[in-house]
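>>> Take a look and give me a structure for this.
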Amino acid sequence: MALTDYLDEVSPGTVIVVAIVLIVFPEPATSTLGAGLLLFGLAWLAYEWNRP
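This next block holds a predicted model:
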């Protein structure tokens, strides 16, 4: 259970955090981009979950 076991989840997690920051800004373009990135990040995280 080393830290290197979780390196695959760092990239999708970063995308999700950036998406949340974009959603917080009250501008329609960034909110739409943030929603798209959030869905992409969640799908990527689900793909990487328990992947050998």
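
>>> Gly41 is in contact with Pro12, correct?
Yes. Pro12 is within contact range of Gly41, at 5.0 Å (criterion: C-beta atoms under 8 Å). C-beta: built from backbone N, CA, C; applies to glycine.

>>> Tell me the buried residues in the strand or helix carrying Thr30?
In this assignment (DSSP states H and E), Thr30 forms part of helix 28-48. Of all the residues in helix 28-48, those buried under the rule 16 or more other C-beta atoms under 10 Å are Thr30, Leu33, Gly34, Leu37, Leu38, Gly41, Trp44, Leu45, Glu48.

>>> my read: the fifth one touches Ile16, true?
Yes. Counting by C-beta under 8 Å, Leu38 touches Ile16, with 6.3 Å between them.

>>> Next up, phi/psi of the closest residue to Leu45 other than its chain neighbours, please.
Excluding its sequence neighbours, the residue lying closest to Leu45 (C-beta to C-beta, 6 or more residues apart in numbering) is Pro12, at 3.9 Å. With angles defined as degrees, to the nearest 10, Pro12 sits at phi -60, psi -30.

>>> same check, this time on Phe25
For Phe25, the backbone dihedrals are phi -70, psi 130 (criterion: degrees, to the nearest 10).

>>> Going forward, the N-terminal residue is numbered 31.
In the new count, where the first residue is 31, that last one comes out as Phe55.

>>> residues contacting it?
Applying C-beta atoms under 8 Å, 6 or more residues apart in numbering to Phe55 gives the contacts Ser61, Gly64.
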